[in-house]
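What follows is a predicted structure for the sequence shown.
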Amino acid sequence: MLEFFISGGDGLPRGVVENHVARARHVIKLHSYETRELIEDLKSVSGVERQRGGSRLGADTPTLLRILCHRSDSEASQFLKKQFKIPKSSV
């Protein structure tokens with residue numbers, strides 16, 4: 001896919017394409033982590049546990065939140081509902 005956008009030198013500059021691909025690969029890799037690890041990292045970057053420093057996984061708060069929001073597991077759902085005071089659904 002990378003070569004498609006570079007198109008043998010007639011497409012986008014290689015550096016631009018590689019930069020975007022690197023960011024996409026990083027987000028895809030974040031999806032491979034356990035929910036617990038993502039929650040711990042979110043706490044560390046969002047200031048809940050600021051004393052530990054920055055993100056261990058190399059992600060920012062919005063990215064970690066998006067990944068947790070798209071998880072279909074109860075641990076992520078319960079954490080987000082508790083953290084952001086989201087009422088339980090009536091369904």
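Arrived safely, thanks for sending.

Of all the residues in the top helix by length along the chain, which ones are buried?
Across the chain, the longest stretch assigned as helix under DSSP state H is helix 14-30. The neighbour-count check on helix 14-30 (16 or more other CB atoms under 10 Å) flags 17, 30 as buried. Placement of C-beta: from N, CA and C, glycine included.

From the chain's centroid, how far away is stretch 38-51?
Centroid separation between stretch 38-51 and its chain, computed with CA atoms, centre = their mean, to the nearest Å, is 13 Å.

what comes up buried for it?
38-45.

again with stretch 64-79
64-65, 67-68, 76-77, 79.

Endpoints of it, how far apart?
Start-to-end span of stretch 64-79 (CA to CA, to the nearest Å) is 13 Å.

same check, this time on stretch 4-21
By CA to CA, one end of stretch 4-21 lies 12 Å from the other end.

can you tell me the average pLDDT over it?
Average pLDDT, stretch 4-21: 89.

Against which helices or strands is the worst-scoring helix or strand of the chain on mean pLDDT packed?
The weakest-scoring helix or strand in the chain, judged by mean pLDDT, DSSP states H and E, is helix 2-6 (a mean of 83). In this structure, helix 2-6 packs against helix 14-30, with contacts taken as 3 or more CB pairs under 8 Å, 6 or more residues apart in numbering; DSSP states H and E.

next SSE after the helix it packs on?
Once helix 14-30 ends, the next helix or strand along the chain (criterion: DSSP states H and E) is helix 35-46.

Just the mean pLDDT for that next one, thanks.
For helix 35-46, mean pLDDT rounds to 93.

can you give me the angle that helix makes with helix 14-30?
Going by axes from the mean of the first three to the mean of the last three CA atoms, to 10 degrees, helix 35-46 is angled at 120 degrees with respect to helix 14-30.

C-terminal to helix 35-46, what's the next element?
Next along from helix 35-46, by DSSP H and E: helix 61-69.

and that following helix with helix 14-30, angle?
50 degrees.

Can you report how many residues lie near the residue lying closest to Ile86 once chain neighbours are set aside?
Distances taken as CB to CB, 6 or more residues apart in numbering place Leu80 nearest to Ile86, at 6.6 Å, with adjacent residues excluded. Using other CB atoms under 10 Å, Leu80 has 16 neighbouring residues.
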